[in-house]
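*Asks:* Provided below are the primary sequence and the corresponding predicted coordinates.
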Amino acid sequence: MPELPEVETVVRQLAEVLPGLTVGEVDVVQPDLLNRAPDSFRAPLVGSTIRAVTRRGKNIVLALSGPRILAVNLGMTGQLLFIPTEPGQDPKKTPVWPSHPGVLLHLGPTGALVYADVRRFGSLRLYSPEGWKKESARLGPEPLDPSLDGRAFWQALQRSRSPIRSWLLDQTRIAGIGNIYALEALFRAEIHPQAQARSLTKNRSERLLEGIRAVLSEAIAARGTTLRDYRTASGDSGGFGPSLLIYGREGEACPGCNTPIQRVVFANRSAFFCPSCQKGS
DNA sequence: CATACGTCCTGCCAGC
DNA sequence: TGCTGGCAGGACGTAT
C-alpha cells in the first residue's frame, strides 16, 4: 500500500491525538514484525510518553521520552490505527478492532494504538536517537522538500543506468515513492517507465519532479489511495483512487490520446503506461 | 559500487 | 461450486 501520501495522512492524524499520551501495556501478537526480541522491544516503551509524530519517507516516526524512536513501516498491507476507548473499555471489543492485529500499545484510558498487517511485510523498529539518525541518513531526499532542486535531481539521475521506475522506487535515491505514484508521475511527465534514468534531459527530469510533487500533493489532499488494505489512522479509506490516471488501467483509453494503456512487468512489478504518450525506453 | 532478481506472507479474484 | 494460478501498495539479501 502505503506510499508517501498514505503515510503522511496517517501521520497528520496521529500527530493530533498521540502527543502527550503515555504507553501502558504493550501486547506483541506477531513478534516477527519487530526488529528485536519482544521483551527488549516492550521494556523501553512501557511508561514512555509520546512527544511527536512525524514522517520520513514511508516511515511513521514516533518520538518517545527516554529518549527513543519507534519507526513504523506499513509494508504492503500494514495499518496503524488509533482506537478511542471509554475508560475501562477493551480496545479489542470495539467495532474498529482490526482482523490481523500485530502489536497493541495501550495508551491510558482514552485510547490505544494498534498495528495490524495481513501479510506482515511491515515492521516496528525501536531505535536510540542516534540509531534512527543513521537509518534515516540511508534514505534519499524528501520529494516535497523544497531544498531538493531540479538540478540536483537531474544530476542524480545522470549517474544511473537503472530504468527510471526502478530508480524512483529505490528509497536510498528518493524517499517515499512507490509503484503507484512512480507510474502516475511518469505518465504526467510523458516518460516511459523503462527509460534509463540517465537518458532523461534536464527539461524532462524537471517535468518529472514537478509531476512527482503534484501527484503526491493531490493524493495527500485526498487522504491517499485505497486499493484494498490501506486505511487512515481512523480506519477510513483514502479518496485518491478515482484520480489515478494510469495505475491499474490496462486496456483503458489513455486520458490524453485514447491509445489503450499497456502493462509490462519488469523487476517483478507491473508498470502501466501509454505507449503513445510515454516514449524513451 | 551498481544493478537485477528472488523471497518473505496472506488473501482475493479471474478463469477453468 | 470448487480449485488453481496469478497478482498485490515494500524492502531486503544475495548474486553477478
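*Replies:* Ah, there it is.

*Asks:* who's in contact with the residue of chain A found nearest DNA strand B?
*Replies:* When Cβ to the nearest atom of the strand is the measure, chain A has its nearest residue to DNA strand B at residue A:119, with 3.3 Å between them. Every residue, glycine included, has its C-beta placed from N, CA and C. If a contact means Cβ atoms under 8 Å, 6 or more residues apart in numbering, then residue A:119 has A:75, A:76, A:77 as its contacts.

*Asks:* of the residues you listed, which ones also sit close to DNA strand C?
*Replies:* Subset of the contacts of residue A:119 in contact with DNA strand C: A:75, A:76, A:77, counting by Cβ under 7 Å from any atom of the strand.

*Asks:* tell me the residues of the stretch 1-150 of chain A that contact DNA strand B?
*Replies:* Among all residues of the stretch 1-150 of chain A, those adjacent to DNA strand B (criterion: Cβ under 7 Å from any atom of the strand) are A:100, A:118, A:119, A:120, A:121.

*Asks:* if we use 6 Å, what do you get?
*Replies:* Proximity of the stretch 1-150 of chain A to DNA strand B is assessed by Cβ under 6 Å from any atom of the strand, with A:118, A:119, A:120, A:121 identified as the residues in range.

*Asks:* where does the stretch 1-150 of chain A have low pLDDT?
*Replies:* Of all residues in the stretch 1-150 of chain A, those with pLDDT under 70 make up the ranges A:1.

*Asks:* so which residues of the stretch 1-150 of chain A form strands?
*Replies:* A:26-28, A:50-56, A:59-64, A:68-73, A:78-84, A:101-106, A:111-117, A:123-127 (DSSP state E, counting those that start in this stretch).

*Asks:* got those strands as TSV, with mean neighbour count columns?
*Replies:* Output for the strands of the stretch 1-150 of chain A, formatted as TSV (neighbours: other Cβ atoms under 10 Å):
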stretch	mean neighbour count
strand A:26-28	17
strand A:50-56	18
strand A:59-64	23
strand A:68-73	21
strand A:78-84	24
strand A:101-106	22
strand A:111-117	23
strand A:123-127	21
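
*Asks:* so the residue nearest to residue A:154 when sequence neighbours are not counted, which state does it fall into?
*Replies:* Distances taken as Cβ to Cβ, 6 or more residues apart in numbering place residue A:205 nearest to residue A:154, at 4.1 Å, with adjacent residues excluded. In the three-state summary, residue A:205 is assigned as helix, counting by DSSP: H, G, I helix; E, B strand; the rest coil.

*Asks:* what's the burial count for residue A:205?
*Replies:* The burial count assigned to residue A:205 is 24, neighbours taken as other Cβ atoms under 10 Å.

*Asks:* wouldn't residue A:87 be in contact with residue A:109 here?
*Replies:* Yes - with contact defined as Cβ atoms under 8 Å, residue A:87 reaches residue A:109; the gap is 4.0 Å.

*Asks:* could I get the contacting residues of the residue nearest to residue A:3 when sequence neighbours are not counted?
*Replies:* Once flanking residues are discounted, residue A:3 sits nearest to residue A:178: 3.7 Å by Cβ to Cβ, 6+ apart. Shown in contact with residue A:178 (Cβ under 8 Å, 6+ apart): A:2, A:3, A:4, A:58, A:169.
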